[in-house]
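Peer 1: Quick one, what's the 3D model for this:
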Amino acid sequence: MLFLNVERRIAGMSLPFENIKVLDLTRAAAGPFCTMILGDLGADVVKVEPTPKGDMTRLWGPYDHGIGVYYLSINRNKRCLGVDFRNEAGLKTLRRMAAEADVVVENFKPGTAEAMGLGYDAVKASNPKVIYGSISGLGRTGPYGTWPGLDQIAQGMSGMMSLTGQPGGEPTRYGVPIGDFTAGMWCALAITAAVAQRHVTGEGQRVETSLLGALVGLLSVQGQRYLSGGDVPGQAGNDHPTIYPYGIFEAKDGPLNVATAREEHWQRLCAVMELEDLLDDPDYATNDTRMQNKDKLRDVLNARFRTRDAIDWTKDLMEGGVPSGPIYSLDKVFNDPQVIDQGMVEQIQHPTIGALDLLANPMKMDAMEGKSVRLPPPLVGEHNEQVLKDYGFTGEEIAALANSKAIGAETGENT
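Peer 2: Here you go, the predicted model:
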């Protein structure tokens, strides 16, 4: 049984993926985000990092005790095996592990895994039941199939940046690498479906996605506007592209989000704000007319919103049935009583940092019992011996790999 879940097993509990072994060959963001989700669900994720410095994100500042916070943010619930990818004995070790794994995940540039003997066909030949997850930048095939892909490139090529930002302004990237993270989520979902299907068919399969595909798949109504009517939406700023009033307004102490998604929301908004006369104004009679006259309507609403603080408006509007909320900076987010009550941050002991606060998995499941962070982000090669023993390597074999420097560990903090 797997190391990660020993304490839960003793207590008679189980996690959804408790018996799933994941060989994680990913690095940077999209792949590690995918495997972190699998680890949150209970899989034994062995993160393979190149020695001596490990995943590149360890060196992306800012830093916490010499470790990049980017790395810390997306690598919980994993064990780490440090391998020299230029050492044939190291690659042979990974091939042997791939033959025993339930799931293998990689996000190398297309063709790289194949060159190392770790591509899908090679792994499937030794492990027919393997579920092999791949994340590429732009897709494995097609005219761009060999191109590398990074989040901002995919944001631009997907059309997402053309929809984001102020009207008339320059295209704008998201504040987080949404292409990376959504690709990781899509891949984790596909792997989960493949695991379920394997219980029925007994067969493994390849699953894959790309940063470009992940974002195009999120275009939703904006994409459908083009597909159905040839409309090419532009930037809508902080307003909803087709509904008004739905966006940012100006309270006394700062910005406020208000969303009148339905006609009754509009009616309730007018009632709470004591602006019932607007309901009789033909300029605001329907959503279409409100969209046509939204600049004038925004001025009317803001004049009233500026008389009170955002949180005061929020309480009255929410109690009156109108979705709304203040716009927080991150210091306010992590001190908000609802965020605290919902356990959106969990603390764990890290071997060099000590007490480490991490974002929790937002999924709520009885099996997870409200605690998603069970292992801290690992040090490079921290679990070499333990991992290899779990994969059937003898003490003599492990010693030989260490002596040949096929495996290794980082003994100090990254700088």
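
Peer 1: Return the distance of residue 229 relative to residue 163.
Peer 2: Distance, residue 229 to residue 163, by C-beta to C-beta, to the nearest Å: 16 Å. C-beta: built from backbone N, CA, C; applies to glycine.

Peer 1: For those two, work out which one has more neighbours and name it.
Peer 2: Using other C-beta atoms under 10 Å as the criterion, residue 229 and residue 163 rank with residue 163 on top: 17 against 8.

Peer 1: Hmm, the more buried one is touching residue 235, no?
Peer 2: Yes - here residue 163 reaches residue 235: they are 6.3 Å apart, a contact under C-beta atoms under 8 Å.

Peer 1: which helix in the protein runs the most residues?
Peer 2: Ordering each helix of the chain by length in residues (DSSP state H) puts helix 178-201 first.

Peer 1: in the stretch 51-200 of the chain, which spans are strands?
Peer 2: Assigned by DSSP state E, counting those that start in this stretch, the strands in the stretch 51-200 of the chain fall at 63-64, 67-68, 79-83, 103-106, 131-136.

Peer 1: can those go into TSV with extra columns for mean neighbour count and mean pLDDT?
Peer 2: Output for the strands of the stretch 51-200 of the chain, formatted as TSV (neighbours: other C-beta atoms under 10 Å; pLDDT from 0 to 100):
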stretch	mean neighbour count	mean pLDDT
strand 63-64	16	97
strand 67-68	22	96
strand 79-83	25	98
strand 103-106	27	98
strand 131-136	26	98
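
Peer 1: okay, these in a markdown table with distance to residue 169 next?
Peer 2: Converted to a markdown table, the strands of the stretch 51-200 of the chain look like this (distance: least, C-beta to C-beta, whole Å):
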| stretch | distance to residue 169 |
| --- | --- |
| strand 63-64 | 33 |
| strand 67-68 | 31 |
| strand 79-83 | 43 |
| strand 103-106 | 38 |
| strand 131-136 | 31 |
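
Peer 1: Just want the most central residue of the chain.
Peer 2: For the chain, the residue sitting closest to the mean C-alpha position, by C-alpha atoms, centre = their mean, is residue 181 at 3.4 Å.

Peer 1: Check whether that one really touches residue 32, as I assumed.
Peer 2: No - using C-beta under 8 Å, residue 181 makes no contact with residue 32, being 10.1 Å away.

Peer 1: so where's the stretch 251-400 of the chain shaky on pLDDT?
Peer 2: 370 (pLDDT under 70).

Peer 1: can you rerun that using 90?
Peer 2: Across the stretch 251-400 of the chain, the ranges flagged by pLDDT under 90 are 365-371.

Peer 1: how far does stretch 313-330 stretch from start to finish?
Peer 2: 21 Å (C-alpha to C-alpha, to the nearest Å).

Peer 1: Can you get me a residue count around residue 29?
Peer 2: When neighbours are defined as other C-beta under 10 Å, residue 29 has 28 of them.

Peer 1: any idea how far it is from residue 299?
Peer 2: In terms of C-beta to C-beta, residue 29 sits 42 Å off from residue 299.

Peer 1: same thing with residue 261?
Peer 2: 22 Å.

Peer 1: More neighbours: which of the two?
Peer 2: Between residue 261 and residue 299, residue 261 has the larger neighbour count (other C-beta under 10 Å), namely 13 against 9.
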